[in-house]
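Enquirer: Any chance you can model this:
(one chain, ligands or ions: 1)
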Amino acid sequence: NSILVIGGVAAGASFAARARRLSESARITIVERGPDVSFANCGLPYHIGGEIPNRDALAVQSAASLKALLNLDVRVRTEAVAIDRANKRVEVKNLDTGQSEFLSYDKLMLAPGASPLRPPLPGIEDSRIFTLRNLQDMDRIIAATETGMRAVVIGAGFIGLEMAEQLYRKGLSVQLVELQKQVIPPLDAPMAALVESELRHHEIGLHLGDGIARFESEANHVRCHLSSGACLDADIVVLSIGVKPDSELAKAAGLELGARGHIVVDPFQRTSDPDIYAAGDAVETIDRVIDSKTAVPMGGPANRQGRVAADHIFMPEKARPYPGSVGTGIVRAFEAVVGITGWSEKRLAAAGLPYETVSVNDSHHASYYPGARPMTLKIVWEPTSGRLLGAQVSGYEGIDKRLDVLSTAIVAQMTVEDLCHLELAYAPPFGSAKDVINLAGFAACNRRDGLVVHTSDLPSDPQVQVVDVRGKALSEAFPVPGKAINIPFLSLRASLDTLDRSRPVVTVCAFGKMSYFAARVLSQNGFDVASFSGGIKANI
Ligand code: FAD
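Expert: You can find the predicted model right below:
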């Protein structure tokens with residue numbers, strides 16, 4: 001049995017390792033265009049900033065170690081240039097000698113990944129404009145930071161944020177440009193606010209709602225011209241505006257591709273040719289939340305898909321299908337952490353799908369235990385069934401724990417009712433007797449039971465009475481935009497007659513909790529009332 005793998009990093013290396021564990025006799029060859037195999041791409045930004053000091057730590061395996069450990073024949077600096085499906089062979093070219101040869105296969109695995117986008121903008125060819133995919137890109141960026149002091153990062157997604165943070169850590173001044181009006185475009189805008197304020201606090205210039213129009217090469221710097229007309233001078237530009245699947249080989253071989261150029265695979269990672277498998281960033285997969293096609297260029301799916309393919313080749317009767325992806329991502333910007341799993345509100349709205357949502361705020365562990373830090377959790381669910389469709393969490397600590405629980409809940413098709421009674425680890429240093437996830441379940445059920453009406457917008461209608469139930473000091477320090485009446489919650493029951501019962505009320509507080517309590521008091525006293533979810537500090 002002869003197995004050939006194109007691409008030797010996440011999906012390719014995982015596939016080959018699993019294949020060897022299932023078959024000692026198979027001939028397994030990996031061809032990899034770059035000089036390294038099985039390296040830690042996710043760690044690249046952290047070596048640039050010095051947080052991972054040792055470069056060798058990123059080279060998880062080498063051709064020699066894979067030979068010794070798994071008896072794999074790894075050929076680095078070797079590019080697959082054509083797939084001859086009729087004769088089941090691949091033409092490969094040694095990039096050092098320039099020589100080509102054919103390698104035959106019984107089964108072929110395509111794990112070529114995805115390349116950073118580099119749009120054909122004027123001036124893009126300047127050598128001071130970098131993208132980051134591999135150790136060589138990383139080395140080039142590090143070399144440029146030895147002399148350069150000004151960095152412009154274009155694209156404020158996960159990698160762009162990591163780069164902005166790490167270049168700042170290295171002592172550069174950093175400007176971050178993002179076409180959307182917020183950082184981390186997959187998030188709903190209010191959930192990105194904490195990270196934005198953390199970036200501003202570190203004097204990272206944010207240019208939101210602005211795109212790169214062209215570059216101009218000067219002797220000492222690159223001038224970045226933005227669509228707004230603004231100009232940013234940079235010694236180093238890092239482009240992190242997304243990736244595109246490396247599916248040219250598959251396309252040339254006549255394999256089926258999806259609408260955005262990803263390789264189409266079945267649940268066992270088989271392409272339209274049953275002897276050719278594919279996995280990782282180059283493939284399309286099933287969205288596990290809303291049954292549809294998606295592509296999730298992340299490390300976890302790549303590694304697990306590789307394993308599924310190997311199982312299907314070597315033990316087809318026992319192989320379990322890849323169930324699809326939820327899409328879970330997390331990123332840190334200095335002290336702030338934010339993550340998303342499943343669908344966001346804006347994505348559901350854009351798709352015209354029905355949803356309901358609440359946001360809750362609480363501490364990451366018992367508020368009386370020292371070191372409690374605030375966090376915000378937003379969930380979205382399907383109105384009829386109550387099934388959880390997505391969640392976003394922002395704060396400082398414990399974000400990964402909540403995100404992982406909620407990602408698991410989505411996969412398990414749990415409802416918001418189920419969230420109320422999840423028994424999560426609790427002792428004061430770790431959580432609360434009612435974890436923020438339970439609170440989100442309670443808030444969602446309150447809404448489903450009609451106990452409270454939430455509004456995510458402050459009213460513009462002057463007929464609506466906006467009642468700010470925070471204490472006077474907080475109300476003055478962070479005033480509600482527009483007109484509002486400050487009635488601290490503790491005085492509310494005694495002040496009902498100061499409000500006009502014939503006009504609607506929106507209650508407002510710092511985090512959305514007291515405004516809910518106030519809304520309950522008012523509605524039981526005959527008012528038509530909605531609570532402003534999220535609170536003033538979280539939304540503005
Ligand atoms: P890759 O890992 O890109 O490997 C594909 C390999 O195939 C490449 O080395 C390429 O040289 C080779 N190749 C392509 N074509 C050919 C050919 N014709 N012949 C020979 N070789 C070929 N994901 C997360 O989940 N969390 C993170 O924090 C995270 N951080 C990241 C940070 C950075 C800077 C980057 C670049 C990625 C990050 N990712 C992260 C994404 C994650 O690394 C990818 O999803 C994952 O590596 C995809 O695996 P893959 O095997 O499909 O592709």
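Enquirer: mind listing what's buried in stretch 223-230?
Expert: Judged by neighbour count using 16 or more other Cβ atoms under 10 Å, the buried positions of stretch 223-230 are R223, C224, H225, L226. Glycine gets a C-beta too; all of them are placed from N, C-alpha and C.
Enquirer: Wasn't the second one part of a strand?
Expert: Yes. For C224, which was evaluated using DSSP: H, G, I helix; E, B strand; the rest coil, the result is membership in a strand.
Enquirer: What sits closest to it if chain neighbours are left out?
Expert: If the residues on either side of it in the chain are set aside, C224 comes closest to L232, at 4.5 Å by Cβ to Cβ, 6 or more residues apart in numbering.
Enquirer: And the one you found, how far from H202?
Expert: Counting by Cβ to Cβ, to the nearest Å, the gap from L232 to H202 is 17 Å.
Enquirer: which of these two has more neighbours?
Expert: Per other Cβ atoms under 10 Å, whichever of L232 and H202 has more neighbours is L232, with 21 against 15.
Enquirer: picking up where we left off before, please, which helix or strand holds the residue nearest to C224?
Expert: Element membership of L232, judged by DSSP states H and E, is strand 231-234.
Enquirer: Which elements pack onto that strand?
Expert: For strand 231-234, the helices and strands in contact under the criterion 3 or more Cβ pairs under 8 Å, 6 or more residues apart in numbering; DSSP states H and E are strand 150-154, strand 173-178, strand 222-226.
Enquirer: Provide the strand pairings for the longest one, with the direction of each partner.
Expert: When you say that, I think you mean strand 173-178. In the sheet containing strand 173-178, its partner strands are strand 150-154 (parallel), strand 205-208 (parallel), by DSSP bridges.
Enquirer: Let me know the next secondary structure element after the shortest one.
Expert: Using DSSP H and E, the next helix or strand after strand 205-208 towards the C-terminus is strand 212-217.
Enquirer: do the same with the longest one
Expert: Stepping forward along the backbone from strand 150-154, the first helix or strand reached (DSSP H and E) is helix 158-169.
Enquirer: Wondering if that following helix reaches the ligand at all.
Expert: Yes. Against the ligand, helix 158-169 shows contacts by Cβ under 6 Å from any ligand atom at I159.
Enquirer: what's the angle between that helix and strand 150-154?
Expert: Angle, helix 158-169 to strand 150-154, by axes from the mean of the first three to the mean of the last three Cα atoms, to 10 degrees: 170 degrees.
Enquirer: about what we covered before: tell me which residues of the strand holding L232 are tucked away?
Expert: L232, A234.
Enquirer: Let's see it as PDB, backbone CA atoms only.
Expert: Listed next in PDB are the C-alpha coordinates belonging to strand 231-234 (Å, rounded to 0.1, in the frame of the first residue of the first chain):
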ATOM      1  CA  CYS A 231      -1.500  57.900   5.100                       C
ATOM      2  CA  LEU A 232       0.500  55.800   7.400                       C
ATOM      3  CA  ASP A 233       4.300  55.500   7.100                       C
ATOM      4  CA  ALA A 234       5.700  52.100   8.000                       C
END
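Enquirer: average pLDDT across that strand?
Expert: In this model, strand 231-234 has a mean pLDDT of 98.
Enquirer: can you check stretch 257-274 too?
Expert: In the prediction, stretch 257-274 has an average pLDDT of 98.
Enquirer: any idea how far it is from the chain center?
Expert: What separates the centre of stretch 257-274 from the centre of its chain is 23 Å, taken as Cα atoms, centre = their mean, to the nearest Å.
Enquirer: try stretch 331-343
Expert: Shown here is stretch 331-343, whose average C-alpha point lies 7 Å from the average C-alpha point of the whole chain (Cα atoms, centre = their mean).
Enquirer: And what about G329, helix, strand or coil?
Expert: With three-state DSSP as the criterion, G329 was assigned strand.
Enquirer: Test my guess that it contacts P186.
Expert: Yes. Between G329 and P186 there is a contact under Cβ atoms under 8 Å: 6.9 Å.
Enquirer: what touches both of the two?
Expert: I340 (Cβ atoms under 8 Å, 6 or more residues apart in numbering).
Enquirer: Nearest to H364, out of the buried residues of stretch 223-230: which one, please.
Expert: Top of the list for closeness to H364, among the buried residues of stretch 223-230 and by Cβ to Cβ, is L226 at 37.1 Å.
Enquirer: what's across from the closest one in the sheet?
Expert: Beta-bridge partners of L226, as defined by DSSP bridges: I212.
Enquirer: residues contacting it?
Expert: Going by Cβ under 8 Å, 6+ apart, L226 touches V177, H207, D210, G211, I212, A213, L232.
Enquirer: And those, which of them are buried?
Expert: With neighbours counted using 16+ other Cβ under 10 Å, these contain these buried positions: V177, H207, D210, G211, I212, L232.
Enquirer: TSV for the residues you listed, including distance to the ligand?
Expert: Written out in TSV, the entries for the buried ones among the contacts of L226 read as follows (distance: Cβ to the nearest ligand atom, whole Å):
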residue	distance to the ligand
V177	18
H207	21
D210	23
G211	21
I212	19
L232	22
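Enquirer: okay, stretch 20-33 in CSV with CA atoms only?
Expert: What follows is stretch 20-33 as a C-alpha-only set of coordinates in CSV (Å, rounded to 0.1, in the frame of the first residue of the first chain):
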residue,chain,number,x,y,z
ARG,A,20,1.5,4.7,10.4
ARG,A,21,-0.2,3.7,13.6
LEU,A,22,-2.7,1.8,11.6
SER,A,23,-0.3,0.2,9.2
GLU,A,24,3.4,-0.7,9.8
SER,A,25,3.7,-2.0,6.2
ALA,A,26,2.4,1.0,4.2
ARG,A,27,4.9,3.0,2.2
ILE,A,28,4.2,6.6,3.4
THR,A,29,5.8,9.5,1.6
ILE,A,30,5.3,13.2,2.4
VAL,A,31,6.3,15.9,0.0
GLU,A,32,6.6,19.4,1.4
ARG,A,33,7.4,22.5,-0.6
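Enquirer: buried set for that stretch?
Expert: By neighbour count with 16+ other Cβ under 10 Å, stretch 20-33 contains the buried residues R20, S23, A26, I28, T29, I30, V31, E32, R33.
Enquirer: Around the ligand, pick out the residues from the stretch 101-250 of the chain.
Expert: Counting by Cβ under 6 Å from any ligand atom, the stretch 101-250 of the chain comes close to the ligand at A111, P112, G113, L132, R133, I159, D246, L249.
Enquirer: Can you check the pLDDT for the first one?
Expert: This means A111. Here the pLDDT value assigned to A111 is 98.
Enquirer: Can you pull out the residues in contact with the strand holding L232?
Expert: When contacts are defined by Cβ under 8 Å, 6+ apart, strand 231-234 is touched by residues 128, 148, 150-152, 175, 177, 205, 207, 218, 221-226.
Enquirer: residues in contact with A156?
Expert: Contacts for A156 (Cβ under 8 Å, 6+ apart) come out as A164, L176, V177, E178, Q180, V183, I184, P185, L206, L208.
Enquirer: quick one, what contacts the third one?
Expert: What that stands for is V177. V152, V153, I154, G155, A156, H207, D210, G211, I212, C224, L226, L232.
Enquirer: Does D139 belong to a helix, a strand or coil?
Expert: Under the three-state scheme (three-state DSSP), the conformation of D139 reads as helix.
Enquirer: Next, find the distance separating it from the ligand.
Expert: According to Cβ to the nearest ligand atom, to the nearest Å, D139 and the ligand sit 13 Å apart.
Enquirer: contacting residues for that residue?
Expert: For D139, no residue counts as a contact, taking Cβ under 8 Å, 6+ apart as the criterion.
Enquirer: Near the closest residue in space to K434 that isn't next to it in sequence, how many other residues are there?
Expert: With Cβ to Cβ, 6+ apart as the measure, F442 is the residue that lies nearest to K434, at 7.6 Å, once sequence neighbours are left out. For F442, the tally of surrounding residues (other Cβ under 10 Å) stands at 19.
Enquirer: All good on my end, thank you.
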